[in-house]
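*Asks:* A predicted structure for the sequence below; I have some questions about it.
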Amino acid sequence: MASDGTEQGDMDQPKFNWVDITQEFLSASSQLPLGELVHTNMFGLFEAMSAIEMMDPKMDAGMLCNQIKRKVLSLEQAVEEGSVKISKLEHSELIGIMDSSLACLVTWIEGHSLAQTVFTNLYLHNPYIIEDRCLKCFCIVMLKTVDLIRERINRAGTVEEEDFQPMSYGFKMAGDVSDSRAIGMIKEVEEEYGKISKNTRPKAGQDRTVIQETEHQMVTAVHIRLKFFRLFYSALLSFVKEKCEGVQMAHKQLSQIVEILPAMISTISFGIQEESSEASKNDYPTIPGFEPLINQRLLPPTFPRYTIIKDRLESVNYIKTLVQKLQSITVVPELGSLHTILDFFMDFSRSSPCVLSRSLLQLMLIPPNRRVFGSQSVVDALKETIRNFISPPGLSPKSSIYNHAQAKEYIDALLTRAARPICTLFQITGHNRARQRDKWAHILDDLSNLQEEADKVDAYLHTLLVQTERNRSHLACFGTWVLYHTLNAMINYTLSGFELELYATFEYHYVYWYLYELLYAWMVSTLHRADSFLLDAENAPADMSQKGRSSKKTKKKKRTKTLARELTIAQAYQQMFGGYYKAVVAFQLCGKLKEPKFKFDNEEVRYSHRFAPFSTVLTPPMVHYAQYKEMSDLSRYDPLPTTQEMFGAACKCFCQAKELLDSIIPQTEEIQAIIKIAKTNFVVMKLVVGGHKEDSLDPPEFDFTQHNIFPIIKLIL
Amino acid sequence: MRAMAVDSPNLNISGSRPERQKIENWLNKSMRIRMTDGRTLVGVFLCTDCDCNIIVGSCEEYLRPPDSQPKEDPRILGLAMIPGKHVVSIEIDETAVPQGSDNLDRSEGVGDSGYDHPDYM
C-alpha cells in the first residue's frame, strides 16, 4: 500500500510534506449540495458501508482508551507504581481475585474474547513474577485451565465463528509447566491452607474473638477456592484421558466440587469488591490487579467494544450448572447402542448446555482417534447398533450369509461409508440450538446418497439370502435403518422451526400436515418394518442345532429386542400433530384463522421455502405444493366435513395421543409434559365442539410456554 | 462500481464547480486528520460530503500527537469514516509523487482496505 510505503519506509526521514488545509477543506465541502459525495472513482456507497465510524462507541474500540482519564498500566508498571501487590496479599484480596477470575472465565466461555475477559487479570500476564505462592499457583492453574478449555472446544468443532472466541492473542498459557506439576503446586498450597484452617478451628471451651473467627473463615474460604480450582482442572483433565478411562475419576471430582460449591457461594462476600463509584459506559470498576482496558490495542478495529463481566455469584451458579451437566454426561459410556446415545445427545442438547459441556461430550464419544469412546471402531459400533435396530440377516450369526465373504465385504464397505454421516449426526447435536437447523438440512444430502447405497447392498444380499433361506428377505434392511435417520433429520429440521419461532400461525396448517401425514407416518411405518425384522430374526430357525427345544414357545413370547417404545412415541407424536392439523383446518373453516393478504408473497413460495431441503431426498419423496393442495383438499370428502366434525376429529387425535403416551413405560418428564398438553388440548377441542366461543372470530392462541414444540391451544375471551 | 453508477450524473453536472474541483484534487492523497479526542488518523482520502464527513482508506490510528517522542506504533484501522463534527484539523500530503503510478497504487490500497472489514455494516 502506498501510504504505508511512504510513511514507514524509514522513521528518521519522514517523507510526508503535510500542508494544513482545514479551513479550505471545510469551506469547500460545506458548499457541496446535500447528499452529494465527492469520491474517488473506485469508491462508492457500497464501500462506504464497510467503513468503521470513528467516535462511535460501538464501533470505535480505540476511542475508549482515550476517554478514560486514568492511565492504563501493565502488570510490571503497576507493580512498580505500587498499585498492584505481588506479595503478602490479604485473604480477602485472594478471594476477590479468584472469584473475579472465575467470573472472567465464565464470561469468556459465554462467547467473549479472552483479551477482554480472562486477560483483564494482569496477574495472568506474567504469573512468574508473583511472590505470593497461593496467587502464583492459582494463576498458573487458571492459565492451564483456559488453555485446556480452548483446546477442547477447538477440537470438538461444536462452534462456528462468533459463538466462541478461541483467539489467544499470543498470551502465554503456562505451557512450560506440566499438568501434574501445576496440580502438585496448587495441592501443596491447598494443604497448607487446609492446615491453617484446621488449626484455627474453634476448639471446645475456647473463647474466641471476632478477629480469630473471621480469620478462620477467611482462610477456609481461600482453602475451598484452591480446592475448587484444582478439582475443576483435574476433572477437565480426567475427561481428556484416552478411552474414557478418566470418566469415573471425573465423576468423583465433580461430586467433590458439588460439595464445596455452597461454601464458595456463601463466602463470595468475603472477597474484596470493586468500588461502585467510577462506573461509566465504557469502563467498569475492578479490584486491584484487573484492568479492563489493558488489551484494547490488541483488538481488531471493529471489535465488540467492551465486555460486561458476569457477576461473581452468577458465575459460580453458572459453574454449578456446568458441573451438573458434566456429571450427567459421565453415564454416556454405559449407554450401549449408538441409537440410545444419539437420543441422549438430543436430550442433552435440548437442555441448552454450554459450549464446554457440549464439547466434552462430543470428544468423549468420538475423540480425535475417531473411534467410539476411543476404543471401538465406528463400523463395529454401527454393526451392533443395527443389529439392535433391525437385526439384518447379513449381520446375524445365525444366518447363512453371515460368513459369506462377498457379503461381508459389501456390508463393511457400506458401513465404512455410513460412518461419516452418522458421526455428523452426533456432531450436529453438539452445536447450539439455532445452528442445528441448518445442519439438519445439510445432512439430508449425505443420508440420501447413503440410502441409495444401502438399497443396493440390500438387493445384493437378498439375492444371496434367498438361495439358501427361501422365506426370508433382506430387502430394505440397511435401507430402513438409513431411512430412520433420514426421517429423524427431517423431523428435527421441521420441529426446530417451532423452537426457533420461525413459523407464523397462518403457516401451521402445512407444517402440521407435513409432520402428520408425511414425516411421522413414514416414521411409524419404518419402525414397524424394523420391528418386524427383529421379530423375524428372533423366530428364525436357529440353525439345525437348536431344533426340538421345548422351551421355544415360551421364548417366543419374551422378545429381547423390540422397538415398541420408539414406535409408540412416534405414533403418539403423529396423533398430536394430527390433532393440531385438524384443529387448524377447523379454525380456518369457521373463519377464526385467516391468512393475511400479502402483496408480494404467496403460500406456494412460503411452502416451497419451508420444505426446500427435502427436495434432495428421494425417500420419502418431496410433496410439492400442488400435491399438498390436492391431498389436503377437503372437497375429497363427500359430504364436506363441517367445522364441528373437524374439531371432533382433532379431539379424537389428542385423546389417542394421550392414551399412547400413557402406555409408555418408563415415563420421562418430557413425556409427562406432553401428556398434560394433549389432555388440555383435548378438553379445549371438546369445548369448541360443544359450541364454546362459536360466534367469536378471534383467532385462537398457540401457547408454547409449556413446551417449545407442542403448544396448548387457547381460545381468547 | 455499482454505487458509482448511481451518482455519476452528479459528477457530470457539478464537475466544473471550483470548490468541487478543489476537493477532487485532494482525492487519493494521504491525509492526516486530528480528531476531537486527540487521536490522529493517517490514511488515503477517499470520500467526503457537505457535512465534512470524511472517509479514509488504509487508515492508521495514533494515540499521541504525531511529532511526540518516542514514536508509537499505529493501530491499523483499514477503512474509516470520521464524522465532520469530530474533525479538528485536516492536513494533506503534498509530497510530489509521479502522478500516474501514484493514482494506481492508491486505488489498489483502497480496494484492500475496503475488503479488510467487509462484514461490518
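*Replies:* Now that the structure is in, tell me what you want to look at. Residues are numbered from 1 along each chain as shown, chains lettered A, B, ... in the order given.
*Asks:* C-alpha from now on. contacts and neighbour counts both.
*Replies:* Noted.
*Asks:* Helix, strand or coil: sort out B:E60 for me.
*Replies:* strand (DSSP: H, G, I helix; E, B strand; the rest coil).
*Asks:* and it, how far is that from chain A?
*Replies:* 9 Å (CA to the nearest CA, to the nearest Å).
*Asks:* In which helix or strand does the residue nearest to that residue when sequence neighbours are not counted reside?
*Replies:* Closest residue in space to B:E60, ignoring its immediate chain neighbours: B:I76 at 4.7 Å, by CA to CA, 6 or more residues apart in numbering or on different chains. Under the criterion of DSSP states H and E, B:I76 resides in strand B:75-82.
*Asks:* Partner strands of that strand, with direction?
*Replies:* strand A:52-53 (parallel), strand B:54-62 (antiparallel) (DSSP bridges).
*Asks:* What is the neighbour count of A:A434?
*Replies:* 12 (other CA atoms under 10 Å in any protein chain shown).
*Asks:* how far away is it from chain B?
*Replies:* Distance from A:A434 to chain B, by CA to the nearest CA: 21 Å.
*Asks:* in the helix or strand containing that residue, what's buried?
*Replies:* Using DSSP H and E, A:A434 falls within helix A:433-468. For helix A:433-468, the neighbour count (16 or more other CA atoms under 10 Å in any protein chain shown) marks A:433, A:435-437, A:439-448, A:450-451, A:453-462, A:464-465 as buried.
*Asks:* is it true that A:A115 touches A:Y169?
*Replies:* Yes: A:A115 lies in contact with A:Y169 (CA atoms under 8 Å); the separation is 7.1 Å.
*Asks:* Settle it for me: which of these two has more neighbours?
*Replies:* A:A115 (25 against 13).
*Asks:* Now do the contacts for the more buried one.
*Replies:* Going by CA atoms under 8 Å, 6 or more residues apart in numbering or on different chains, A:A115 touches A:168-169, A:295-296, A:298-299.
*Asks:* correct me, but A:Q253 touches A:A235?
*Replies:* Yes: with contacts counted by CA under 8 Å, A:Q253 reaches A:A235, the gap being 5.8 Å.
*Asks:* if we can go back for a sec, helices or strands up against the helix holding A:A434?
*Replies:* When contacts are defined as 3 or more CA pairs under 8 Å, 6 or more residues apart in numbering or on different chains; DSSP states H and E, helix A:433-468 packs onto helix A:405-429, helix A:478-499.
*Asks:* Could you look over the ones you listed and pick the most buried one?
*Replies:* Most buried of the helices and strands packed on helix A:433-468, by mean neighbour count (mean count of other CA atoms under 10 Å in any protein chain shown): helix A:478-499, with a mean of 21.
*Asks:* Only C-alpha atoms, please: export whatever helix or strand comes next after that one in PDB.
*Replies:* Counting by DSSP H and E, the element after helix A:478-499 in chain order, helix or strand, is helix A:508-513. Extracted as PDB, the C-alpha positions of helix A:508-513 are listed here (Å, rounded to 0.1, in the frame of the first residue of the first chain):
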ATOM      1  CA  TYR A 508     -49.200 -24.000  10.700                       C
ATOM      2  CA  HIS A 509     -51.600 -25.900   8.500                       C
ATOM      3  CA  TYR A 510     -49.000 -27.200   6.100                       C
ATOM      4  CA  VAL A 511     -46.300 -27.700   8.700                       C
ATOM      5  CA  TYR A 512     -48.600 -29.800  10.800                       C
ATOM      6  CA  TRP A 513     -49.900 -31.600   7.700                       C
END
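*Asks:* Go ahead and name everything in contact with helix A:508-513.
*Replies:* A:494, A:577-578, A:580-581, A:584-585, A:607.
*Asks:* now it, how far from the centre of its chain.
*Replies:* 27 Å (CA atoms, centre = their mean, to the nearest Å).
*Asks:* Pull the contacting residues for A:I713.
*Replies:* A:681, A:684, A:700-703.
*Asks:* Report the buried members of the residues you listed.
*Replies:* A:681, A:684, A:700.
*Asks:* hang on, the last one packs against A:P711?
*Replies:* No: in terms of CA under 8 Å, A:P700 does not count as a neighbour of A:P711; the distance is 11.4 Å.
*Asks:* what number of residues lie near the residue nearest to B:F45 when sequence neighbours are not counted?
*Replies:* Of all residues beyond its chain neighbours, the one nearest B:F45 is B:V56 (4.6 Å), with distances taken as CA to CA, 6+ apart. By other CA under 10 Å, 31 other residues sit near B:V56.
*Asks:* Pairing partners for B:V56 in the sheet, please.
*Replies:* B:F45, B:A80.
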